[in-house]
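1. With the input below, show me the fold.
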Amino acid sequence: INDRLCRGVLCCPFMVDRLRAAGIKPERIHACWPVVDLKKFRNRGPNGPDVMNVGAALPKKGMPLFADLAKRCPEIRFDLYMLGYDAVAIADYAKRIESPVNIIPPVPFDDMPTEYKKHRWMVYTASKDFNTVGWPLSLAEAQASGVGVLMQNIRPDLKDYVGPGGYVFDTVEDAYRIITQPFPEEKREQGFLQAEKSDVDSHIGLLFQLWS
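-> Predicted coordinates for the structure are as follows:
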């Protein structure tokens, strides 16, 4: 990155200090929120009543916690959209603890806007032991779709990412207390605004500035 041929690097805001500490020249570092094609997901229509989680089935995602939460709330439908890696092991874990979580087969990206609208809440789990989950794109996609988001509180910066339109949680019990209540309309509106911070149509200008 410090090479004269490199114009710079775009990174999530929480990475700026880490890159500086690694010796990257400050003028090469450009903070940028995760970029999402929000026009695919913007939808202020009503949402369904269910709870979802999405992502690669990796240890850092802490997905067994989602199965634990589903068992805690048998009256609510929980959908787990997971891809590859440890998916079989996580499904086996859910079956072993008799969790009613629904394992959803892979869904094409273009079909995901419809899937988001089926849900009132997204509970994004993450492992505190690994602590390597960044700022998930799916949270911005969910907020643009009117879904209430809960992010596992593994780092202080994640509260900045979900903003006033979402929640961070520490334990399954914390998540349970939130999702068993209605999603406040004022927080839903704040979620729509928070999602706009990740709109690719605004951030593409940062690339053009570097290339000019």
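2. Please determine how far the residue positioned nearest the centre of the chain is located from residue 90.
-> The centroid of the chain falls nearest to residue 139 when counting by C-alpha atoms, centre = their mean (3.3 Å). Per C-beta to C-beta, to the nearest Å, residue 139 is found 20 Å from residue 90. The way it works is simple: take the backbone N, C-alpha and C, and place the C-beta from them, glycine included.
3. helices or strands next to the one helix or strand residue 191 maps to in the packing?
-> Residue 191 is part of helix 185-195 when elements are defined by DSSP states H and E. If contacts are counted by 3 or more C-beta pairs under 8 Å, 6 or more residues apart in numbering; DSSP states H and E, helix 185-195 sits against helix 137-144, strand 148-152, strand 166-169.
4. neighbouring contacts of it?
-> For helix 185-195, contacts defined as C-beta atoms under 8 Å, 6 or more residues apart in numbering pick out 36, 38, 41-42, 44, 140-141, 143-144, 146-149, 162-166.
5. so how many other residues sit close to the closest residue to residue 86 other than its chain neighbours?
-> Nearest-residue entry for residue 86: residue 57, 4.5 Å, with adjacent residues in sequence omitted and distances by C-beta to C-beta, 6 or more residues apart in numbering. Using other C-beta atoms under 10 Å, residue 57 is surrounded by 18 other residues.
6. Cool, thanks, signing off.
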